[in-house]
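[1] Would you be able to build a 3D model of this:
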Amino acid sequence: MSNVANASINTFGNSPKVDFVPTSEQLITLTIGQLQDLVTQAVEKANQPLQDRIESLEKMVATQDAKIATLTSTQEQDVNRICLDIAYDRQRLARLEQRPAPGVTAPTAPPKGEKTISRIAKVKNFLKN
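    Prediction:
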């Protein structure tokens, strides 16, 4: 009996056969390092698609931020241009409103008397000097 017990201890039970297929219920022994390596590899393998997706989304967000900044700048320029156009249009309208209507004669200057003519002559003489 002791020979049989020693033989199974030395070989850890029955030797596996060549065409042996392990079942899911079979027990195995791993060191802590091996288990940590397996878990690390599994986590890295599972996280890689997620990391790739996060990187692509970050690039997309950066691109959209640049587009938003460009659109905001363009919008501000357009608003400023439109405000300036509105101001110019108001000035043109005000000038048009001040012009006399066609067919209406502008008020004429009062007739010039002798005093006015002499004053005009003095101003012209003064300006010549």
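[2] What pLDDT is listed against Gly103?
    pLDDT, the model's per-residue confidence, is 67 for Gly103.
[3] Check the one 3 residues further on too.
    Predicted confidence (pLDDT) for Ala106: 61.
[4] Also Asp52?
    91.
[5] Now do stretch 57-69: distance to the chain's middle.
    Stretch 57-69 has its C-alpha centroid displaced from the chain centroid by 4 Å (C-alpha atoms, centre = their mean, to the nearest Å).
[6] Can you give me the distance of the residue nearest the centre of the chain to Ile32?
    Relative to the mean C-alpha position of the chain, the nearest C-alpha, by C-alpha atoms, centre = their mean, is the one of Asp65, at 1.5 Å. As defined by C-beta to C-beta, to the nearest Å, Asp65 lies at a distance of 46 Å from Ile32. Just so you know, the C-beta spots here come from the backbone N, C-alpha and C atoms, and that holds for glycine as well.
[7] now Asn47
    With distances defined as C-beta to C-beta, the gap from Asn47 to Ile32 amounts to 22 Å.
[8] Between the two, tell me which one has more neighbours.
    Looking at Asn47 and Ile32 with other C-beta atoms under 10 Å, you find the greater number of neighbours at Asn47, namely 11 against 7.
[9] Give the next helix or strand downstream of the helix or strand hosting that one.
    For Asn47, the host element (DSSP states H and E) is helix 32-98. Once the chain leaves helix 32-98, the next helix or strand it forms, by DSSP H and E, is helix 114-128.
[10] who does that following helix touch, helix- and strand-wise?
    Helix 114-128 is packed against no helix or strand, with contacts defined by 3 or more C-beta pairs under 8 Å, 6 or more residues apart in numbering; DSSP states H and E.
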